Every structure is written in C-alpha cells, then in structure tokens.
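Engineer: structure here, sequence nowhere to be found:
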C-alpha cells in the first residue's frame, strides 16, 4: 500500500462533543492526580499513569482489541505511528514508555504528563547528541520497563508505512542479553486515513477533530513475533526487519480473532 498524499486544511470546530470529552479528561486527571503523587512521594511506581491513559483513550473514543502475545518486560516495541491516540493505546494497554521529540517535553501540561510516563526525549536533528540520547534509551531499557519507539519519526498517513529511521536503534546494538525487540502494528483499519494527523493540520485542530467524532475509533494492536537475534547485528538490519514485519502484517486481510478489549 502506498502512503496517502491527502491533506487537511480546514480548521476543526469546537462542538459540544469536544467540550464534553475534554471536561471528562480533566476530571479524570483531577481524580487520579492525588493518588499518583502519593505513589511518587513514597518512591513507588504509580499505576495511576496506566489508569489515566486507559481512561482518556476510552473517553476519546478508542475501542481496543489485541492479537499476538505482548512481551511485558525487557522489550523495545517498534511500531508504526498514525496519531496521538497511539500514545494512549500503547501507554495504557502495553504499559509502555515512549521515545518522543524534545518539543513534547517543553509543551505546557503535555510535557508534565509525558514526564509522568518516563518519556525519553530526543533531538532528532541534533546529530552531535545521538550518542547521549542513545545512552538515555539504553538506560531506560536496562530497568526492564517496556519502551516504544516510532521509527518513522512522525505520524504516517494511516494507509501505509513511511521509511524507518534507524539512528536511535543504535541504542540496542549490541542488544542487551535479556532485551527483545517486538514489532507492533497499530491497525485502525479503514479509519486509518481519517484518524491520521496530516499536514498542514495543526495538532490542536487534529485533537479537536478526533474528539468531535460521533463514532468510536476501532484499533487492533497486533503484537508480532519478536525479532530473531540474527537481525540484531546492526541498526539498519534491525530497522529493515522491523519494518518488513509490520508491512507484512499490514498486507494481510483483517482477522476476526482479535481478543476482547483490554481492561484496566
């Protein structure tokens, strides 16, 4: 499948549905923030982060099913990227942290929320910092927590894959003894191009447009087989193998064997 070249230029409207969903998201944050801060104060991992991502995803309309076997520790998920909804889906369902562009960390409120999920920030254009950024990712993986990397480097069109950027995969070369790399295909089905964040639509307009949808957003998370050790000899080979695995699953017809929606 070839990537879509469609664009969206019309600004999204603020409807009652957008306001209602945004209000529910704020109430969810206020309800969970105190127990979250208490967990952090005593130095324990906070389950409120996963609960928040799951709840906000549901409010936004996500209805998630899964296929395959999700690795729970010592795993780098390598996934296609379609929407900001991907963060809610994998953060909640897979308990994953993320590798994100540095601008996210400086965005008011969004940056704070990302910090609570142990987001790893990178300057994708700062070649001099690639080594230190790779070390940050390697350090995070050493703690066993799942981390998701979107090697397309941006949101794709929803009906195809962009080229993968292998630079950050250097962080797992050589692969640590216990670490596995698991490709993940986020499948929005026929809704993919509608969900996708495309130029020149702003992030705010995309947010309003998706919250204003009348219908739920169906998503199947396909956890594919972990990549074999043989492809982990260099970052380019690893990147190509991950992309090929996702592309192969994307090319298959839809299956009805997806599991029930995940639960908190």
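Structural biologist: Nice, I can see it. Owing to the predicted nature of the structure, the values given are computational and were not obtained by experimental measurement. Residues are numbered from 1 along each chain as shown.
Engineer: now do the host helix or strand of residue 104: distance to the chain's middle.
Structural biologist: Element membership for residue 104 (DSSP states H and E) is helix 102-105. Relative to its chain's centre, helix 102-105 lies at 15 Å (Cα atoms, centre = their mean, to the nearest Å).
Engineer: which strands and helices sit next to that helix?
Structural biologist: Packing partners of helix 102-105 (3 or more Cβ pairs under 8 Å, 6 or more residues apart in numbering; DSSP states H and E): helix 110-116, strand 120-122. Quick note: C-beta positions are derived from backbone N, CA and C, even for glycine.
Engineer: nearest to residue 33, out of the ones you listed?
Structural biologist: helix 110-116 (9.4 Å; Cβ to Cβ).
Engineer: buried stuff in that closest one?
Structural biologist: Within helix 110-116, the residues scored as buried using 16 or more other Cβ atoms under 10 Å are 111, 113, 114, 116.
Engineer: residue 206 and residue 149: what is the separation?
Structural biologist: Residue 206 is 22 Å from residue 149, where distance means Cβ to Cβ, to the nearest Å.
Engineer: who has more neighbours, these two?
Structural biologist: The neighbour comparison of residue 206 against residue 149 (other Cβ atoms under 10 Å) goes to residue 149, with 27 against 20.
Engineer: quick check: phi and psi on that one?
Structural biologist: phi -120, psi 130 (degrees, to the nearest 10).
Engineer: for it, give me the pLDDT.
Structural biologist: Looking at residue 149, its pLDDT stands at 92.
Engineer: just residue 144 next, same as before
Structural biologist: So residue 144 comes in at 81 (pLDDT).
Engineer: so what's it up against?
Structural biologist: Counting by Cβ atoms under 8 Å, 6 or more residues apart in numbering, residue 144 touches 73, 74, 178.
Engineer: shaky segments in the stretch 1-150 of the chain?
Structural biologist: 1-11, 124-133 (pLDDT under 70).
Engineer: go with 50
Structural biologist: 1-7 (pLDDT under 50).
Engineer: can you give me the helices for it?
Structural biologist: 16-41, 48-60, 85-93, 102-105, 110-116, 130-142 (DSSP state H, counting those that start in this stretch).
Engineer: measure the residue of the chain most remote from its centre to residue 140 for me?
Structural biologist: Distance from the centre of the chain peaks at residue 42, with 28.3 Å (Cα atoms, centre = their mean). Separation of residue 42 from residue 140 (Cβ to Cβ) stands at 22 Å.
Engineer: show me the contacts for the residue nearest to residue 88 when sequence neighbours are not counted.
Structural biologist: In this structure, residue 88 finds its nearest non-sequential neighbour in residue 57, 3.6 Å apart by Cβ to Cβ, 6 or more residues apart in numbering. Residue 57 makes contacts with 64, 85, 88, 89, 92, as judged by Cβ under 8 Å, 6+ apart.
Engineer: pull the most distant pair out of those residues.
Structural biologist: Using Cβ to Cβ for every pair in these, the one that comes out farthest apart is 85 and 92, at 10.7 Å.
Engineer: show me where pLDDT drops low in the stretch 151-264 of the chain?
Structural biologist: Ranges of the stretch 151-264 of the chain meeting pLDDT under 50: 255-264.
Engineer: if I pick residue 192, what's in contact with it?
Structural biologist: Per Cβ under 8 Å, 6+ apart, neighbours of residue 192: 82, 157, 158, 159.
Engineer: from these, pick the one nearest residue 29.
Structural biologist: residue 82 (24.2 Å).
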